[in-house]
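Asker: Build me a model:
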Amino acid sequence: MEHVEILEKLKSLANPAAVVEMARYGINPNNSLGISITSIREIARETGKDHSLASQLWEAGIREARMLAVLADEAKLVTGEQMDAWVSDFDSWDVCDHCCSALFRYTELAYQKAVEWSSDEREFVKRAGFVLMATLTISDKKAPDENFEPFLVLIKREAGDDRNYVRKAVNWALRQIGKRNPGLNERAIETAREIHAMDSKSARWIASDALRELTGLPVQQRLRR
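Answerer: Residues are numbered from 1 along each chain as shown. Below is the predicted model:
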């Protein structure tokens, strides 16, 4: 399918009422058609993988076209320049999280970009860094602990950022690292306690929420098994 044809199909599925509903959940309503991710995945099955098509869809600037671009792209062809360009376009948490979890984490530069973006002052770029940390921790099953331990330093460093979409991603990354195995659980709990001692409301929330889960019986029982 040509990208023009795909864009017309997306526009035909527009649901203004859904756009209003999405906004209630913090999704940016600008340039949004209100199409569900389920419908976008159905279209992605029709388009298949096509790196060039993905670029054209992303450039359209429409939320749903960008969500589809993520599913259509080929991780092995994604360059660092493309990653930096796309992350600069993020203006909503859902596109950020979808792109990081469904595409960027499969690239060779995923770990590098997680570190780089974690210090960026742009809210959604920084969020992307920590979302990558969380999703890599979940998905990269064979990676050694040494891949994730440096993330704890960055999590502590940025725990004072009180912007909602950043602090939630920092918290997510900390919790996922702490649920990976017993050794990382101990180190994540230690990091959370250090964060809790910081003079920051955001840091205390991040730490309290993480400690509640990481020291809780369900997580501890699973790790012992």
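
Asker: Glu213: neighbour count?
Answerer: 15 (other CB atoms under 10 Å). Every C-beta, even on glycine, is put in place using the N, C-alpha and C of the backbone.

Asker: Can you tell me the closest non-neighbouring residue to it?
Answerer: Excluding its sequence neighbours, the residue lying closest to Glu213 (CB to CB, 6 or more residues apart in numbering) is Arg175, at 5.6 Å.

Asker: so that neighbour makes contact with Leu211?
Answerer: No - contact between Arg175 and Leu211 fails when scored by CB atoms under 8 Å: they sit 9.6 Å apart.

Asker: hang on, the earlier thing: pull the helix or strand containing the residue nearest to Glu213 out as PDB, backbone CA atoms only.
Answerer: Element membership of Arg175 [criterion: DSSP states H and E] is helix 164-178. The C-alpha coordinates for helix 164-178 follow below in PDB (Å, rounded to 0.1, in the frame of the first residue of the first chain):
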ATOM      1  CA  ASN A 164       4.800  14.000  35.700                       C
ATOM      2  CA  TYR A 165       5.800  12.100  32.500                       C
ATOM      3  CA  VAL A 166       9.400  12.000  33.600                       C
ATOM      4  CA  ARG A 167       9.000  10.900  37.200                       C
ATOM      5  CA  LYS A 168       6.600   8.100  36.200                       C
ATOM      6  CA  ALA A 169       9.100   6.800  33.700                       C
ATOM      7  CA  VAL A 170      11.900   7.000  36.200                       C
ATOM      8  CA  ASN A 171       9.700   5.100  38.600                       C
ATOM      9  CA  TRP A 172       8.800   2.500  36.000                       C
ATOM     10  CA  ALA A 173      12.500   1.900  35.200                       C
ATOM     11  CA  LEU A 174      13.400   1.500  38.800                       C
ATOM     12  CA  ARG A 175      10.600  -1.000  39.500                       C
ATOM     13  CA  GLN A 176      11.400  -3.100  36.400                       C
ATOM     14  CA  ILE A 177      15.100  -3.400  37.300                       C
ATOM     15  CA  GLY A 178      14.200  -4.400  40.800                       C
END
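
Asker: tell me, how many neighbours does Asp209 end up with?
Answerer: 17.

Asker: for Asp162, same thing?
Answerer: 12.

Asker: Then Glu8?
Answerer: 10.

Asker: you'd agree Ala54 is up against Asp73?
Answerer: Yes - using CB under 8 Å, Ala54 makes contact with Asp73 at a distance of 3.7 Å.

Asker: Give the residues shared as contacts by the two.
Answerer: Counting by CB atoms under 8 Å, 6 or more residues apart in numbering, Ala54 and Asp73 have no shared contacts at all.

Asker: Surely Ala75 touches Thr107?
Answerer: Yes - taking CB under 8 Å as the definition, Ala75 is a contact partner of Thr107 at 5.0 Å.

Asker: The two: who's more crowded?
Answerer: Thr107 (21 against 15).

Asker: Okay, the more buried one and Cys100: tell me how far apart.
Answerer: 10 Å (CB to CB, to the nearest Å).

Asker: in this structure, what spans have low per-residue confidence?
Answerer: Across the chain, the ranges flagged by pLDDT under 70 are 1.

Asker: any residues touching stretch 144-163, and which ones?
Answerer: Against stretch 144-163 from outside (CB under 8 Å, 6+ apart): 111, 114-115, 118-119, 123, 126, 129-130, 133, 136-137, 140, 166-167, 170, 173-174, 177, 180-181, 183-184, 187-188, 191, 194-195, 198, 200-203, 206-207.

Asker: if we go to 6 Å?
Answerer: By CB atoms under 6 Å, 6 or more residues apart in numbering, the residues outside stretch 144-163 that reach it are 118, 123, 133, 137, 170, 173-174, 177, 183-184, 191, 195, 200, 202-203, 206.
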